[in-house]
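Engineer: sequence and computational prediction follow.
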Amino acid sequence: MRHLIPEFEKMKERYPEGFESSLVLPCLRRIQEDRGFVADEDIAGLVEYLGVPRIQVEEVLSYYTMLRRAPIGRFHLQACRNIACSMRGAERTIDKLSRKLGIRPGETTPDGRFTLSVVECLGSCGTAPVVMVNEAYHENMSDEKLDRLIEELK
Amino acid sequence: MPRLTIDGREIEAQHGQTVMEAATANGIFIPYFCWHPKLSVPGNCRICVVGVEDKGGEWVEIACNMPITEGMVVYTNSEKVRARRKATMQFITLNHPVDCGICDKAGECTLQDYHYEYNGERSVSIDAKVHATKHYALSSRIVLDNERCIQCTRCVRFTREISKSNGLGMQNRADHSLVRAVEDGSFANDPYSDNVIDICPVGALLSRSFLHKARVWYLKPTASVCPGCARGCAVNLWHRRPEWRLRSPEQRARNDEIDRVTPLDNPAVNGPWICNKGRDLAKVFGRARAEAPMLKGRPTDLAGALAQTRSLVAAARKPVAVVSSWGSNEELAAFKAALGGRFAAFVKADHEPEPGEVVEDAILIRADKNPNTAGARALFGEAPPAIPKDADLVLVWGEGFDFGLIPAGAKIVYLNAWLQPENGHADVFFPVSVQTERDGHYTNFAGVTSAFSKCFEKKAGVSDAEALFAALSGQPGGGE
Amino acid sequence: MPGRQLIMNFEVTPTSHTLEAYRARGGYETLRKALGMEPAAITKEVTASGLLGHGGAAFPVGRKWGVMKPNPGEIHYLCANADEGEPGTFKDRWVLEHAPHLLVESMLITSYALGVRHAFVYIRGEFDLPFRRIQGAIDEAYAAGLLGAKLFGTEFLLDIVVYRGAGSYVCGEASGLITSIEGRKPYPRNRPPRLTVRGLFQKPTVINNVESLANITGIIRMGAEEFKKVGTPKSPGTQLVSISGHIAKPGVYEVEYGYPWAKFLDEDCGGMLGGAKLKCVVPGGISTKVLTRAEIEPLNLSHESVNPAGSGLGSGGMIAVAEGTCMVRFLQVLLRFYHHESCGQCTPCREGMGWMHRIIDRIVDGKGVPEDIDRLYAISHANDGTTICGMGDAAGYATVGILNKYRDEFEYFIQNKRSKFDGRLECPA
């Protein structure tokens, strides 16, 4: 993560003094954005850079659902399974995605292209069912839109 | 000073105290798992709830985070409080494995005690318990059972606030939270790591060296002082109760061994903590012992050894003594009284820091690895041993002295507890007792004097140094 | 339109969120006015307006502010809560996407009132467009000298940092939010101390919901008296309602407090999907108790109407449930959520959420027993007012709400080992 330090230095300028600890989460997000996940060496590097206890970084990494310590597929499909989405067919959406890709939630396709996850409410209940693909929200995912999405990403 | 009422009794509290602190200071018991007087307040176990009187009834809240207010009326055992505690106990024991039969904590387990006191009924759940890692090596010294863990975070907070190693954390979330050591292995270097074993309220964190050794009710704690450094932490040495002594020939030797060491809370010295070195005192005191007096390596009887020593002392023109910094105040005083006038005495460091050992830190550990340097120096001065070339009699007391520093031709009288090669090089050798075999006092680096008590009987051929000195002075009662 | 509009009162276009468009609507004029007032006068105005918090607890905003008096030399922080994790709620997102400058201006006014020099927008990690919009608005404000520079000849200046979360419902809880900003695992905190006394890095901190803050500019612009003319005496102003579920026109609507509930559903929201019949409504996010069709008939959307009926408007996350929906499976999805989101810190929630989840899974699996219903009640009750944060209580309310109204469905499921409604969650129509 050393090559990201200049960016982190700029980030630090925008925070009040004494907020080094705060930078743990934005730095981890940026490291993950860069590498695809947070590697063990990234943890050591970040701990050295910020001067926070290493255990703090480990706890944060283990707690948040969006942070990961191992690589995943190129396209991370995250399908909401919460109530409003389920009321508009999310369970069928998840099932369809699972069968179409040949993997269960939590797994990655053998070619490393798709990872399927089920997630909780994404704050998009009015346009349910919702699937996130990497950073983007894909809303109102009817069967047709789902088919088209997978085709485009394949 | 604010006054409040707890269970009908008016007590005086201090500004800024919580109800828990005020109650504890006044001998009123409120149950707790996660609270600890020396750690921050997390308020997560929820067992310390008390009822507070309010217009329109009683509200119930945790006492550990409740600031006292003037005139507040608190109930520690109202119906509401009892109902809430019972529900909390149901939750805490929901996924707790009933391992009592094989768990070392049995007999000193807060969870056992509170279950009987505040619930006492079987679980109302018919669902399988959540399983987690068992028998996990948190370090080479500590075994962790995550199923037994009640996530009180005392261990995590200890490493954050007291030992400052930040060696432990709570990974994940919800009911799959797990205590884990930091991944760089640094928890293994925390010299205070084993304190988490004491403060764990359940059998989640256990000492590997004590694992499955003995039920705690077979053991008794004897108050003592750790000799590992000049801090002189108060400790409890646990050993077999006489009525539970092991009788078989193969096991019998364990009756005279220290089974485990725990801190004894001495606010003037160490509070409720000790370092890991103190935990390993069984190894220190379990080393091979010298068992018989000797003349130049040939075993003899005590009378003969004493007689020879008396004549050596009488004949010596320049006797020098190298005094043990492990001698108790009583022994040191006896030496001073008996031979202090005849001998030029120097205090030696019986032990020096070992390679890899923490030399000194800002918490408890002192660089001086001897328990009574202060007591010895008070009587014999601060100069390190410097044997003059014309010394013709050197009395060495305690281990750790380089016999090469003794001028050739000088006679040697040696008092030592341990079986060591030098014992045979002395003109007269006396095996002496160790701290666990007698009562006594040490004075630590800050001038605080602490008492230690006898745990074991010394073997037949071994003498108390105090008695030897008295005997050598020709005083009545000397010798055996 | 369900009543007068105070926030959603402009046409949304591809550029209506920009600084230029906001200025054209009168943006940042109120800031100028506010900086001509005494800080205490602003807090006084907000208190007089009766504005209630829009995060779910409906705590009077002015009263929260009143604890944090400006004190030169003392560091104060302001955090806008844009975590929006309560299932059914997606209205703060509307403000972030379409009226981000309204939030920025409101945060400037609020910070001036409270003696804040550094403010944060805590936005849930999943939000992408809302993040880009609010960050874009903040960047525009910096470029225009509205942020990071002294304003209108005063000594006041403000810096705002957008802090992105990483997936945790509990970060929507005020103390979890600030612990997250501290870069640590976001465990909520016990009170006392109140966060307005010791909050972010132990400094006095006010955390307000995005929608609560969005109201500040309007209140200062029109004055408390004008504001109170909108809505009802006990529920002044409006609420941004997110409606979803089996409704024909889901989305975000600004509803004037006091507006008739049934009318809102039937007319403004187009009624139920495919003409289905309404079974019940989750009024304000899943942590509020469901109300049946019959119960909501006489009610209007205000706190004083909904609270006595045994529920609350919460975060405004309304979910319309059609007849034929299986409420046992409904509760299963909710309990799975609460279990997933429990931070694990305190005993009743950590153990209770998992326990309730396992019980409901077992019921849905056809292995329920009659005592399970009482167990769910007991666990809910044991989480009511006993936990560090409100999540335990929330799960309890959701559970008790559904059990109270639909106990028969649970008894049916347990006895017959199957759902009364084929386990249906989707609209039967």
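Structural biologist: Great, that's in hand.
Engineer: these two touch, right, B:Ala426 and B:Met294?
Structural biologist: Yes. With contact defined as Cβ atoms under 8 Å, B:Ala426 reaches B:Met294; the gap is 7.3 Å. The way it works is simple: take the backbone N, C-alpha and C, and place the C-beta from them, glycine included.
Engineer: just say helix, strand or coil for whichever residue of the stretch 351-480 of chain B sits closest to chain A.
Structural biologist: Nearest to chain A, among the residues of the stretch 351-480 of chain B, is B:Ile363, at 16.9 Å (Cβ to the nearest Cβ). With DSSP: H, G, I helix; E, B strand; the rest coil as the basis, B:Ile363 sits in coil.
Engineer: can you give me the strands for chain C?
Structural biologist: For chain C, the strands defined by DSSP state E cover C:76-82, C:116-123, C:159-164, C:205-209, C:238-245, C:251-256, C:259-260, C:278-282, C:291-292, C:300-301, C:317-322.
Engineer: pull the CA coordinates from the second one and hand them back as CSV.
Structural biologist: Only the C-alpha atoms of strand C:116-123 are listed here, as CSV (Å, rounded to 0.1, in the frame of the first residue of the first chain):
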residue,chain,number,x,y,z
VAL,C,116,-18.6,23.6,15.3
ARG,C,117,-15.4,23.9,13.2
HIS,C,118,-15.3,20.4,11.7
ALA,C,119,-18.3,18.5,10.6
PHE,C,120,-18.8,15.0,9.1
VAL,C,121,-21.3,13.4,6.8
TYR,C,122,-21.3,9.7,7.7
ILE,C,123,-22.6,7.9,4.7
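Engineer: pLDDT score for whatever residue of the stretch 201-350 of chain B ends up closest to chain A?
Structural biologist: Using Cβ to the nearest Cβ, B:Leu205 is the residue of the stretch 201-350 of chain B that sits closest to chain A, at 16.3 Å. pLDDT for B:Leu205: 98.
Engineer: tell me the phi and psi of it?
Structural biologist: Backbone geometry at B:Leu205, expressed as degrees, to the nearest 10, gives phi -110, psi 120.
Engineer: state the distance from it to B:Pro384.
Structural biologist: Using Cβ to Cβ, to the nearest Å, we find B:Leu205 at a distance of 42 Å from B:Pro384.
Engineer: which of those two has more neighbours?
Structural biologist: The neighbour comparison of B:Leu205 against B:Pro384 (other Cβ atoms under 10 Å in any protein chain shown) goes to B:Leu205, with 26 against 10.
Engineer: check contacts around the most centrally placed residue in chain A.
Structural biologist: In chain A, the centroid-proximal residue (Cα atoms, centre = their mean) is A:Met66; its distance is 4.2 Å. Listed by Cβ atoms under 8 Å, 6 or more residues apart in numbering or on different chains, the contact partners of A:Met66 are A:Arg29, C:Gly125, C:Glu126, C:Gly165, C:Ala166, C:Gly167.
Engineer: most widely separated two among the residues you listed?
Structural biologist: Greatest spatial distance in the contacts of A:Met66: A:Arg29 and C:Glu126, 11.8 Å, computed using Cβ to Cβ.
Engineer: got the confidence number for B:Gly478?
Structural biologist: The model's pLDDT for B:Gly478 equals 44.
Engineer: domains of chain C?
Structural biologist: Following automatic domain parsing, chain C resolves into domains at C:19-228, C:240-322, C:327-416.
Engineer: need the ones you listed in CSV with mean neighbour count, mean pLDDT and distance to chain B, can you?
Structural biologist: Shown next, in CSV, are the domains of chain C (neighbours: other Cβ atoms under 10 Å in any protein chain shown; pLDDT from 0 to 100; distance: least, Cβ to the nearest Cβ, whole Å):
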stretch, mean neighbour count, mean pLDDT, distance to chain B
domain C:19-228, 21, 97, 4
domain C:240-322, 21, 97, 17
domain C:327-416, 22, 98, 4
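Engineer: output these as a markdown table; include the columns distance to B:Met170.
Structural biologist: Below are these laid out as a markdown table (distance: least, Cβ to Cβ, whole Å):
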| stretch | distance to B:Met170 |
| --- | --- |
| domain C:19-228 | 7 |
| domain C:240-322 | 25 |
| domain C:327-416 | 7 |
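Engineer: so which of these comes closest to B:Cys45?
Structural biologist: Set against B:Cys45 and scored by Cβ to Cβ, the domains of chain C come closest in domain C:327-416, at 5.7 Å.
Engineer: give me the contact status of the closest one with chain A.
Structural biologist: Yes. Using Cβ under 8 Å from any Cβ of the partner chain, domain C:327-416 reaches chain A at C:Phe330, C:Val333, C:Leu334, C:Arg336, C:Phe337, C:His340, C:Glu341, C:Cys343.
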